[in-house]
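Peer 1: A predicted structure for the sequence below; I have some questions about it.
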Amino acid sequence: FEGDCASSSESNYGKRKTELDGMYLILTEKERYCMNFYMYSEDDENAQNVGIYKIEIALESEVAEDNFIWDNPPNGIFVGGQN
């Protein structure tokens, strides 16, 4: 696999919330997949939010289509995109 990760954080009266978004290319002998994950590494106001809250996986060929959109609800595991 190869990939990248981005983070964003906010602070409200000293309470921190940090979100990580990862984008990875997963290679198998037969297929190439794009995978995104979204998680909170810290959330001082809502500790139960810490952890992965969404994973998206689709074939790289599907993601390359002009009409492909990652358009999924805020939480869950999703295979394939909306096209």
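Peer 2: Structure received. Owing to the predicted nature of the structure, the values given are computational and were not obtained by experimental measurement.
Peer 1: where are the low-confidence patches of the protein?
Peer 2: The model of the chain has pLDDT under 70 over residues 1-2, 81-83.
Peer 1: if you set the cut-off to 80 instead, what comes out?
Peer 2: For the chain, residues meeting the criterion pLDDT under 80 lie at 1-3, 81-83.
Peer 1: where's the most centrally placed residue in the chain relative to residue 27, distance?
Peer 2: With distances taken as Cα atoms, centre = their mean, residue 37 lies nearest the centre of the chain, 2.3 Å away. Distance of residue 37 to residue 27, given as Cβ to Cβ, to the nearest Å: 17 Å. Where you see a C-beta, it was placed from the backbone N, CA and C, and this is true even at glycine.
Peer 1: which ones are touching the closest residue to the residue nearest to the centre of the chain other than its chain neighbours?
Peer 2: Counting by Cβ to Cβ, 6 or more residues apart in numbering, residue 37 lies nearest to residue 22, which is 4.6 Å off, once chain neighbours are set aside. Residues near residue 22 by Cβ atoms under 8 Å, 6 or more residues apart in numbering: 3-6, 35-38.
Peer 1: Return the residues in contact with residue 31.
Peer 2: With Cβ under 8 Å, 6+ apart, residue 31 has these contacts: 59-60.
Peer 1: Which phi and psi values does it adopt?
Peer 2: phi -140, psi 160 (degrees, to the nearest 10).
Peer 1: count of residues packed around residue 58?
Peer 2: Counted by other Cβ atoms under 10 Å, the residues lying close to residue 58 total 21.
Peer 1: how far does whichever strand or helix holds it sit from the chain's center?
Peer 2: Per DSSP states H and E: residue 58 is located in strand 51-59. Chain-centre distance of strand 51-59: 5 Å, with Cα atoms, centre = their mean, to the nearest Å.
Peer 1: helices and strands around the helix or strand following that strand, which ones?
Peer 2: Sequence-wise, the next helix or strand downstream of strand 51-59 (DSSP H and E) is helix 60-63. In terms of contacts (3 or more Cβ pairs under 8 Å, 6 or more residues apart in numbering; DSSP states H and E), helix 60-63 is packed against strand 32-43.
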